[in-house]
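>>> Task: produce atomic coordinates for the following.
(one chain, ligands or ions: 1)
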Amino acid sequence: MKALEEKICREGKVYPGNVLKVGSFLNHQIDVPFMQQIGEEFHRLFQDEKITKVLTIETSGIPIACMTAVCFNVPVLFAKKHQTKNLSDDCYCTEIMSYTHGNSYQARIEKQYLSKDDTVLIIDDFLANGCALVGLMDLIEQAGAKCVGCGIVIEKAFQDGGQKLREMGVRVESLARIIRMDPETGIEFID
Ligand code: 5GP
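Predicted structure coming up:
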């Protein structure tokens with residue numbers, strides 16, 4: 001998606017540890033009309049699937065998932081990273097290694113919101129090593145639901161998550177794929 005690549009180059013900042021910050025439109029402040037275009041693009045890519053639910057993980061996946069779900073007219077379900085008092089104990093649960101925090105955490109969804117009758121599209125902001133997506137697919141599998149694929153806004157293609165998942169037969173659609181990024185020389189994309 002050309003407009004996304006241009007926006008990443010204009011507004012993104014490369015940090016040590018291969019972290020890209022896009023706080024101006026995706027990870028802190030949300031550019032809502034732009035997220036709407038992103039949602040429409042995911043809808044265009046997956047429109048032939050009979051999706052019943054869009055699944056993501058808190059926090060930054062939520063706005064993108066909502067914009068996508070509006071196009072499909074289905075609910076968004078987001079995995080929670082913390083056990084809270086208002087979350088039932090009757091949950092599907094999986095362990096995920098956090099790329100940005102460097103530690104692992106339990107992701108949970110209440111069983112009542114995902115069943116074997118669901119056909120699920122996963123949406124997330126970034127794909128790096130693929131741990132978040134593998135965890136979300138595990139939750140879908142525990143529920144006996146079907147996963148039609150993953151829609152990713154920014155794939156860091158120099159890390160191996162995308163390749164690993166595609167080799168597993170998962171359909172991964174990334175709207176921008178970064179092949180190289182460096183604080184000095186900038187950001188380069190591949191198709
Ligand atoms: P993975 O699980 O694929 O290793 O990492 C994906 C998750 O880590 C995403 O949900 C995202 O929140 C976070 N993440 C990974 N790399 C980056 C990055 O370069 N920038 C930001 N903002 N988040 C990232």
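
>>> Within the helices and strands, which one has Arg10?
Here Arg10 sits within helix 2-11, counting by DSSP states H and E.

>>> Not counting its neighbours along the chain, what's nearest Cys147?
Using C-beta to C-beta, 6 or more residues apart in numbering and skipping the chain neighbours, the partner closest in space to Cys147 is Ile140 (4.8 Å). Where you see a C-beta, it was placed from the backbone N, CA and C, and this is true even at glycine.

>>> Can you classify the one you found as helix, strand or coil?
What DSSP: H, G, I helix; E, B strand; the rest coil gives for Ile140 is helix.

>>> how close does it get to the ligand?
Distance of Ile140 to the ligand, computed by C-beta to the nearest ligand atom, to the nearest Å: 16 Å.

>>> That residue contacts Tyr113, correct?
No - judged on C-beta atoms under 8 Å, Ile140 makes no contact with Tyr113 at a distance of 11.7 Å.

>>> ok, those two, which is more surrounded?
Ile140 (21 against 15; other C-beta atoms under 10 Å).

>>> tell me the contacts of that one?
With contact set as C-beta atoms under 8 Å, 6 or more residues apart in numbering, Ile140 has these partners: Leu55, Leu114, Asp118, Val120, Ile122, Lys146, Cys147.

>>> Bridged to the residue most central in space within the chain, which residues?
Nearest to the geometric centre of the chain sits Asp124, at 1.0 Å (C-alpha atoms, centre = their mean). With DSSP bridges as the criterion, Asp124 is bridged to Ile152.

>>> Now do the helix holding Arg10: which elements does it pack against?
On a contact count with 3 or more C-beta pairs under 8 Å, 6 or more residues apart in numbering; DSSP states H and E, helix 2-11 meets helix 32-46, strand 146-156, strand 172-182, strand 186-190.

>>> The first one: which residues count as buried?
This means helix 32-46. Met35, Gln36, Ile38, Gly39, Glu41, Phe42, His43, Leu45, Phe46 (16 or more other C-beta atoms under 10 Å).

>>> you'd agree the fourth one is up against Thr56?
No - counting by C-beta under 8 Å, Gly39 sits too far from Thr56 to count as a contact (11.9 Å).

>>> okay, and the common contacts of these two?
Ile64.

>>> List the contacts of the nearest residue to Gly151 once chain neighbours are set aside.
In space, Gly151 comes closest to Phe42 once its chain neighbours are excluded; the distance is 4.1 Å by C-beta to C-beta, 6+ apart. Shown in contact with Phe42 (C-beta under 8 Å, 6+ apart): Ile64, Thr68, Cys71, Leu121, Ile123, Gly151, Glu173, Leu175.

>>> separation between Pro16 and the ligand?
On the measure of C-beta to the nearest ligand atom, Pro16 and the ligand end up 11 Å apart.

>>> For that residue, the count of nearby residues, please.
Counted with other C-beta under 10 Å, Pro16 comes out at 6.
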